[in-house]
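Peer 1: no sequence for this one, just the structure:
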């Protein structure tokens, strides 16, 4: 049976949107696994626009998250407000600073973050239906707000960032770039990706494991205990 996966994007470009390599690796991995994918993004203005050549804010420039995310997927994307949990078996959220700026405001408020209402509505509906959700890079900043106190996650080994997320009630697991953290109780899978990766191939190893684990959870949501740090299938 073909698995249907919603991929939630946050723009286009590491500093103000979705991390492009993470997004493309996710889509490629899902395609190779035979999954049916629909991409979504909030139809809202970006927090700001970053000149990716200089790293500086492009003063006076405005862009739309959905319009920018459409660049990544050749226009095959819908507004997140249209996403319905009953239509999908799983959801995956790539990282990039857009996850912390456009899907939520963790980049500004840290542990006091608030979430985009469509992100909250859709992801929590998936969670309530016991459908798996994968998050990578900085996207796990949202897990405490989305899944509740005690949810296990990883962003790698950044203590300061992990502490800010743990202040929302989540529990951090140290994890290398090529591995994943599985919270079997909450059907949540996370991986550090470019929080740690120094190359696209390093990022790919963890992302590919995340995609595999998410799709496996669709088949049997029977992961026994929270993370082994986790699907440790070798280097």
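Peer 2: Done, it's in. The shown structure was predicted, so the numbers you read here are calculated from the model rather than taken from an experiment.
Peer 1: next up, identify which helix or strand residue 154 is on.
Peer 2: Per DSSP states H and E: residue 154 is located in strand 152-156.
Peer 1: which residues in this structure form helices?
Peer 2: All helices of the chain, identified by DSSP state H, fall at 20-32, 65-72, 97-101, 106-109, 117-128, 143-147, 159-166, 200-220.
Peer 1: let's have those helices in a markdown table, adding mean pLDDT.
Peer 2: Shown next, in a markdown table, are the helices of the chain (pLDDT from 0 to 100):
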| stretch | mean pLDDT |
| --- | --- |
| helix 20-32 | 98 |
| helix 65-72 | 98 |
| helix 97-101 | 98 |
| helix 106-109 | 97 |
| helix 117-128 | 98 |
| helix 143-147 | 98 |
| helix 159-166 | 98 |
| helix 200-220 | 94 |
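Peer 1: quick one on the thing from earlier: the strand holding residue 154 - what's its average pLDDT?
Peer 2: Strand 152-156 shows an average pLDDT of 98 in the prediction.
Peer 1: likewise stretch 38-53?
Peer 2: Mean predicted lDDT for stretch 38-53 stands at 97.
Peer 1: can you list the strands that the strand holding residue 154 pairs with?
Peer 2: Here strand 152-156 is paired, per DSSP bridges, with strand 171-174 (parallel).
Peer 1: ok, how many other residues are close to the residue nearest to residue 99 when sequence neighbours are not counted?
Peer 2: Sequence neighbours aside, residue 139 is the residue nearest to residue 99 in space, at 4.1 Å (criterion: C-beta to C-beta, 6 or more residues apart in numbering). Every C-beta, even on glycine, is put in place using the N, C-alpha and C of the backbone. For residue 139, the neighbour count with other C-beta atoms under 10 Å is 33.
Peer 1: equivalent analysis for residue 13, please.
Peer 2: 22.
Peer 1: how far away is the spatially most central residue of the chain from residue 116?
Peer 2: Geometric centre of the chain, nearest residue: residue 93, 2.5 Å, by C-alpha atoms, centre = their mean. Residue 93 is 11 Å from residue 116, where distance means C-beta to C-beta, to the nearest Å.
Peer 1: swap in residue 60?
Peer 2: In terms of C-beta to C-beta, residue 60 sits 24 Å off from residue 116.
Peer 1: what's the answer for residue 124, then?
Peer 2: 12 Å.
Peer 1: quickly list what the residue nearest to the centre of the chain is bridged to.
Peer 2: Going by DSSP bridges, residue 93 forms beta bridges with residue 135.
Peer 1: wait, it touches residue 137, no?
Peer 2: No. Using C-beta atoms under 8 Å, residue 93 is not in contact with residue 137; the gap is 9.1 Å.
Peer 1: overlap in contacts of those two?
Peer 2: Counting by C-beta atoms under 8 Å, 6 or more residues apart in numbering, the residues touching both residue 93 and residue 137 are residue 99.
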